[in-house]
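Asker: Pasting a predicted model and its sequence here:
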Amino acid sequence: MELLVDFLTRFVTQFQTPALAFLVGGMALAAFGSKLEIPDAIYKFAVFMLLMRIGINGGMEIREANLMEMLLPAVFSAVLGCGIVFLGRITLANLPGVKVEDGIATAGLFGAVSASTLAAAMVILEEEGVVYEAWVPALYPFMDIPALVLAIVLANIYLNRKKDGANTRVKIWPIITESLRGSALSALLLGLALGLLTRPDRVFEGFYDPLFRGLLSVLMLIMGMEAYTRLNELRKVAHWYVVYGVAAPLVHGLMAFGLGYIAHLVTGFSPGGVILLAVLAGSSSDISGPPTLRAAIPTANPSSYIGSSTSIGTPVAIAVGIPLYIALGQAVFGF
Amino acid sequence: MELLVDFLTRFVTQFQTPALAFLVGGMALAAFGSKLEIPDAIYKFAVFMLLMRIGINGGMEIREANLMEMLLPAVFSAVLGCGIVFLGRITLANLPGVKVEDGIATAGLFGAVSASTLAAAMVILEEEGVVYEAWVPALYPFMDIPALVLAIVLANIYLNRKKDGANTRVKIWPIITESLRGSALSALLLGLALGLLTRPDRVFEGFYDPLFRGLLSVLMLIMGMEAYTRLNELRKVAHWYVVYGVAAPLVHGLMAFGLGYIAHLVTGFSPGGVILLAVLAGSSSDISGPPTLRAAIPTANPSSYIGSSTSIGTPVAIAVGIPLYIALGQAVFGF
Amino acid sequence: MELLVDFLTRFVTQFQTPALAFLVGGMALAAFGSKLEIPDAIYKFAVFMLLMRIGINGGMEIREANLMEMLLPAVFSAVLGCGIVFLGRITLANLPGVKVEDGIATAGLFGAVSASTLAAAMVILEEEGVVYEAWVPALYPFMDIPALVLAIVLANIYLNRKKDGANTRVKIWPIITESLRGSALSALLLGLALGLLTRPDRVFEGFYDPLFRGLLSVLMLIMGMEAYTRLNELRKVAHWYVVYGVAAPLVHGLMAFGLGYIAHLVTGFSPGGVILLAVLAGSSSDISGPPTLRAAIPTANPSSYIGSSTSIGTPVAIAVGIPLYIALGQAVFGF
């Protein structure tokens, strides 16, 4: 009961943090029919800056990190990425009115990771004074790539079987390189490499880090507007996508919280790390996932997977998920 | 006499402040035929940042402000917005060679407000150490909306009467929502709401505020280039637009200075506030005004109202008006 | 021998400085087939910011500089700009498989100056604690304009003579104004004028200067990607362009180092100034040079001059040239 009250209080006050406030503000603007537009060039650059900030910082920290500590959370990330896709395959993809390949693609997107959601959680944790290992954001690709690869493999297996019952093998390596070449993972891995191998401290401290928070607020605004605008597309697809979009982020986040807690007991994974792992699992890809899926599963309907992820999954992951995991963390770890 | 010398000295030295220097620099570049271009995405983003900065700060201050103090200046703002349009209706719109609807549209633009002019004045006042109530920039919509609405109503009344003598009623509410949905007012109101209802302090202090001055310099440069480039368009319309473009900003500013002085005597409105009210009235809309007018008075000729506002009104409002009101303020309030 | 070891050590460690690391990172991304794109609007704005930063700072320093001190380096800059083009005219342009006008255009580009290379050298010198007269970057136009003008004049003389043996005079003044109107020189000269004539200190310290380093890293990334992508174009042209692209930056830089050393002996030109003069001469134009040449020598093949400059000249100038001149400076001046 106390947890519930605490959660509800937290829930309401969290909407005053810039990350959530700008998200809601963007939705309100779109609902009001505002003609405000943030140019696409600014959106792309803001995403690039976020990923570089996360990557460089991760790389600098991994230099000094105990790699063994990273092992268990990295394995859990991959397990979660795959688990989420399998779960979607046996639930959403089998529901009435849901085309199987659409359901698999949607599960793939929810297994993949959103850099903006991750960034919002990092900023909120920092404001709450909750610490985490700085390499945690570097778990991103360990969850993102397996999820996208598995979704594409499962979709192709299904489609091939449907077509001619043949057992054509799906080539996995091209899907992995395709994922790595996507703009989001490229930027993240570039940042990681720069942080790991070079001395970017001054440019990090004077540019990428100080602009992080501000550009995140701009991104949240754009995502809010986008979420509202895309809601229309959802009307064209089965209602189950709405149910999945609301429930999946929280279910995935709680699964990750549980695995993170095991890592906490086994290797001393920090409470903040457990929360971020839950955020990673609860988030759904908004930048590089959709074009990868569109190219790899061309028969799947983008309105279904982009609509349920952008319009429902992401707002739920940010506005409900993040406060929920922090409240849970406080109850479990007592910080 | 001393006032005149002081004004002239001030006038010349003000051109060394970045805001004015970049404006003149932009004009010089365009006059020289430079191929320098600031991408449109940067322009739009800079305007967004300015309006968010002004809005958030206004919202944070209104939280602690005595709303009663705002009342009189807000009423005066609306009176000025409408007064400017009426004045244009009975002067400019009746001059030979000026189409009535073109004249009304021009008066509407001069009654509306320019965020960049306001921002330039805020930065110059700050450099001069002149303080003002932080909610003064939030008077923006109180002047902007009534002016645009009134201009559109007057133009439609005129056009309907001309057409068939009928007394078709003009619907006011759609014009108001249309104004509010424009990108400039949307951003300003979003900022106000975020400042009023949430805790954006960190993102304001780390992002919107520090980038304010710099992005303003970029905007001033663009406006200078634009002003020179648009001068050509003015050659196609009546010379009265040039006379109006030079005289109107100063007349409107002085009218506002007078009303502001009354508010100073009645409610203790600050000298800096009186100057900013004059700047608001003297400025003419450059972002959201033109598209609103274009949509609502389609028969009016954009070359007339955009040309006289961008090429003449805005440079006069910034480069002559701002120093004039500051010099007046020094003479009247003795700061 | 010690110099060699020192140079090699320096060479390797320099790749950890952000400027070089981002350049190499960009090449690696492009080689890997990454789909990361930095929007063109951001690229253009970053270049504008760099040039304004260099110009404003130069202007502010020239105000207090002893202009006589600048004289010799300025003369040497013009001599180098012309010398480089003449050298290319009698070497590259006469090689088998190289069209004469292509060779001249390429030499013109290598005589002209790259703002990003200059900026990278400034940041690296600052990190090494090597000081230079702040007006040195203002030598840019003294080298850039003569080089482009001479290349265009030589190409036209050649083309006219080939065509009809006539001795049509080439008009020089239009080429100079064309150069000055180009976006790079416009921005630089605007910055110089603002720094010289106005008081832009606050906007310089709060905006142009702090963003300099960060935007440079973004530019270096773009240039790295561009360099790799353009390599393909070089396959279509004679191999001599590759040889020229590797050798010319270093030969030009060493020539400039020699002249700079003379200025050091005669007027006390600083060691850092000598290094920057070498960097200016070793760099090749990437922004305003190509369009100027394309307009003025339309029969020359852009693949030859842009390819050899962007793909080979610039990476060599930055990654080999800058460390080389710094190592030379340490050996010669013993700082």
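Answerer: Sure thing, it's come through.
Asker: going forward, measure contacts and count neighbours with C-alpha atoms only.
Answerer: Will do.
Asker: these two touch, right, residue A:303 and residue A:235?
Answerer: No: if you go by C-alpha atoms under 8 Å, residue A:303 and residue A:235 don't touch, sitting 9.5 Å apart.
Asker: Who has more neighbours out of these two?
Answerer: Between residue A:303 and residue A:235, counting by other C-alpha atoms under 10 Å in any protein chain shown, residue A:303 is the more crowded of the two (19 against 14).
Asker: What are the neighbouring residues in contact with that one?
Answerer: A:233, A:234, A:236, A:237 (C-alpha atoms under 8 Å, 6 or more residues apart in numbering or on different chains).
Asker: And it, how far from residue A:237?
Answerer: Spatial separation of residue A:303 from residue A:237 under the definition C-alpha to C-alpha, to the nearest Å is 8 Å.
Asker: residues of the one helix or strand residue A:45 maps to that come out buried?
Answerer: When elements are defined using DSSP states H and E, residue A:45 is found to belong to helix A:40-64. Residues of helix A:40-64 classed as buried: A:41-62 (neighbour count, 16 or more other C-alpha atoms under 10 Å in any protein chain shown).
Asker: what do you get for stretch A:223-241?
Answerer: When neighbours are counted by 16+ other C-alpha under 10 Å, the buried residues of stretch A:223-241 are found to be A:223-231, A:234, A:237, A:240-241.
Asker: I'd like the next helix or strand past the biggest helix by length in chain A.
Answerer: Among the elements of chain A assigned as helix by DSSP state H, the one spanning the most residues is helix A:240-267. Sequence-wise, the next helix or strand downstream of helix A:240-267 (DSSP H and E) is helix A:271-282.
Asker: ok now that following helix, how far from the chain's centre?
Answerer: On the basis of C-alpha atoms, centre = their mean, to the nearest Å, helix A:271-282 sits 11 Å off its chain's mean C-alpha point.
Asker: Tabulate the CA atom coordinates of that helix in PDB.
Answerer: The C-alpha atoms that make up helix A:271-282 are tabulated as PDB, following Å, rounded to 0.1, in the frame of the first residue of the first chain:
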ATOM      1  CA  PRO A 271      20.400  -0.600  -8.000                       C
ATOM      2  CA  GLY A 272      20.700   2.200 -10.600                       C
ATOM      3  CA  GLY A 273      22.000  -0.400 -13.100                       C
ATOM      4  CA  VAL A 274      19.000  -2.700 -12.300                       C
ATOM      5  CA  ILE A 275      16.600   0.200 -13.000                       C
ATOM      6  CA  LEU A 276      18.400   1.100 -16.300                       C
ATOM      7  CA  LEU A 277      18.300  -2.600 -17.400                       C
ATOM      8  CA  ALA A 278      14.500  -2.500 -16.900                       C
ATOM      9  CA  VAL A 279      14.300   0.700 -18.900                       C
ATOM     10  CA  LEU A 280      16.300  -0.800 -21.700                       C
ATOM     11  CA  ALA A 281      14.000  -3.800 -21.900                       C
ATOM     12  CA  GLY A 282      10.900  -1.700 -21.500                       C
END
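Asker: Look up the closest residue to the residue of the stretch 1-150 of chain A at minimum distance from chain C, ignoring the ones flanking it.
Answerer: With distances taken as C-alpha to the nearest C-alpha, the stretch 1-150 of chain A approaches chain C most closely at residue A:41, which sits 5.3 Å away. Computed as C-alpha to C-alpha, 6 or more residues apart in numbering or on different chains, the closest residue to residue A:41 that is not its neighbour in sequence is residue C:39, at 5.3 Å.
Asker: Repeat that for residue A:34.
Answerer: Closest residue to residue A:34 in three dimensions, ignoring its sequence neighbours and counting by C-alpha to C-alpha, 6+ apart: residue B:181, at 4.2 Å.
Asker: burial count for that neighbour?
Answerer: Using other C-alpha under 10 Å, the number of residues around residue B:181 comes to 22.
Asker: just residue A:128 next, same as before
Answerer: By other C-alpha under 10 Å, 10 other residues sit near residue A:128.
Asker: Against residue A:334, how distant is it?
Answerer: According to C-alpha to C-alpha, residue A:128 and residue A:334 sit 14 Å apart.
Asker: cool, and residue A:263?
Answerer: 17 Å.
Asker: Which of those two has more residues huddled nearby?
Answerer: For residue A:263 against residue A:334, the residue with the higher neighbour count under other C-alpha under 10 Å is residue A:263, and the figures read 21 against 9.
Asker: Dihedrals phi and psi, the residue lying closest to that one once chain neighbours are set aside?
Answerer: For residue A:263, the nearest residue in space outside its immediate sequence neighbours is residue A:269; the separation is 5.5 Å by C-alpha to C-alpha, 6+ apart. Comment: the main-chain dihedrals of residue A:269 come out as phi -50, psi 130, following degrees, to the nearest 10.
Asker: Show the end-to-end separation of stretch A:196-204, please.
Answerer: Stretch A:196-204 has an end-to-end distance of 13 Å (C-alpha to C-alpha).
Asker: quick one: it near chain C?
Answerer: Yes: contact of stretch A:196-204 with chain C is found when judged by C-alpha under 8 Å from any C-alpha of the partner chain, involving A:197, A:198, A:199, A:200, A:203, A:204.
Asker: Who are the packing partners of the host helix or strand of the fifth one?
Answerer: With the criterion set as DSSP H and E, the secondary-structure element containing residue A:203 is helix A:201-203. When contacts are defined as 3 or more C-alpha pairs under 8 Å, 6 or more residues apart in numbering or on different chains; DSSP states H and E, helix A:201-203 sits against helix C:209-234.
Asker: Let me know the average pLDDT across stretch A:218-237.
Answerer: Summarised as a single mean, pLDDT over stretch A:218-237 is 87.
Asker: same check, this time on stretch A:88-96
Answerer: Confidence over stretch A:88-96 (mean pLDDT, whole number) is 93.
Asker: same check, this time on stretch A:119-127
Answerer: If you average the pLDDT values across stretch A:119-127, you get 91.
Asker: How about residues contacting stretch A:59-68?
Answerer: Taking C-alpha under 8 Å, 6+ apart as the criterion, the residues outside stretch A:59-68 that touch it are A:134, A:135, A:138, A:191, A:192, A:193, A:194, A:195, A:196.
Asker: Tell me who's in contact with the residue nearest to the second one when sequence neighbours are not counted.
Answerer: To tie it back to what came earlier, the one meant is residue A:135. In space, and not counting its chain neighbours, residue A:135 is closest to residue A:58: 4.7 Å by C-alpha to C-alpha, 6+ apart. The neighbourhood of residue A:58, defined by C-alpha under 8 Å, 6+ apart, consists of A:134, A:135, A:136, A:137, A:138, A:192, A:195.
Asker: quick one: residue A:58 and residue C:91, what's the gap?
Answerer: According to C-alpha to C-alpha, residue A:58 stands 49 Å off from residue C:91.
Asker: who in the stretch 51-200 of chain A is up against chain C?
Answerer: On the criterion C-alpha under 8 Å from any C-alpha, chain C has as its neighbours in the stretch 51-200 of chain A the residues A:180-184, A:186-187, A:190, A:194, A:197-200.
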